[in-house]
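Peer 1: Everything below, folded, please.
(one chain, ligands or ions: 1)
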Amino acid sequence: MWSERDPRVPPHRRIDADGHPTVADFEEAIRANKPSSVGLLAVERKAGGDAIGYCGLVDGRHGEQEPELAFEFLRRFWGQGYATEASWAVLDWARSSGYKRLWASVWDWNTASRRVLAKVGFTETDREEAIYGNNLVTTVRL
Ligand SMILES: CC(C)(COP(=O)(O)OP(=O)(O)OC[C@H]1O[C@@H](n2cnc3c(N)ncnc32)[C@H](O)[C@@H]1OP(=O)(O)O)[C@@H](O)C(=O)NCCC(=O)NCCS
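Peer 2: This is a model prediction of the structure:
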């Protein structure tokens, strides 16, 4: 996914000229990660068990009590409803963990992501200008 990212995504989230982050960098980060009620989960297809992306919760600007939804899928799997299905599952997980509200921020140009967020009930609460473009702040009550 890192090698497929849209050029409008900020440079620190793309592979740099030295080839970082590498698979080994990711492995180290995952091994150092302690289990918690937030985190990014690999999304596997039920039939083949192949990993096609991730979806989960990250600590955001609203603190530990109201984390942010995040998702990303390999391009060849876009447009088949996977992000929506995975988001519903993560919303259920968040509800069962006791969270009352989630947030998500999305670049205004990211039509597919905005549509996924809308489909699972997120509404826009704010717009902010950031270094890399306009960011929409959205939220959902669980
Ligand atoms: C955003 C992303 C996760 C969506 O994944 P996905 O599995 O294709 O999403 P879904 O199939 O569940 O839903 C996509 C929706 O967006 C719509 N859509 C996609 N591209 C669109 C476009 N250019 N214009 C209008 N609608 C569009 C689809 O039609 C679908 O809506 P529908 O069900 O009403 O038809 C995927 O594009 C991705 O990984 N992008 C790169 C990472 C990223 O942007 N992550 C989010 C950061 S906030």
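Peer 1: Please make it C-alpha for all contacts and neighbour counts, starting now.
Peer 2: Noted.
Peer 1: how close does the residue nearest to Phe73 when sequence neighbours are not counted sit to Glu44?
Peer 2: Once its chain neighbours are removed from consideration, Phe73 has its nearest residue in Gly53; the separation is 4.0 Å (CA to CA, 6 or more residues apart in numbering). Using CA to CA, to the nearest Å, one obtains 8 Å as the distance from Gly53 to Glu44.
Peer 1: For those two, work out which one has more neighbours and name it.
Peer 2: Remark: of Gly53 and Glu44, Gly53 carries more neighbours, 21 against 15, as counted by other CA atoms under 10 Å.
Peer 1: Tell me who's in contact with the residue most central in space within the chain.
Peer 2: Central residue of the chain (CA atoms, centre = their mean): Ala70, 1.6 Å from the mean position. Contacts of Ala70 were listed using CA atoms under 8 Å, 6 or more residues apart in numbering, and they are Leu40, Cys55, Gly56, Leu57, Val58, Ala104.
Peer 1: Outline the domain layout of this structure.
Peer 2: 1-33, 34-141 (automatic domain parsing).
Peer 1: Can the first one be said to contact the ligand?
Peer 2: Pointing back at domain 1-33 there. No. Residues of domain 1-33 are not located near the ligand by CA under 6 Å from any ligand atom, the shortest gap being 6.7 Å.
Peer 1: Contacts only, for the nearest residue to Tyr54 once chain neighbours are set aside.
Peer 2: For Tyr54, ignoring the flanking residues on the chain, the nearest one in space by CA to CA, 6+ apart is Ala42 at 4.5 Å. For Ala42, the set of contacting residues under the criterion of CA under 8 Å, 6+ apart consists of Ala51, Ile52, Gly53, Tyr54, Cys55.
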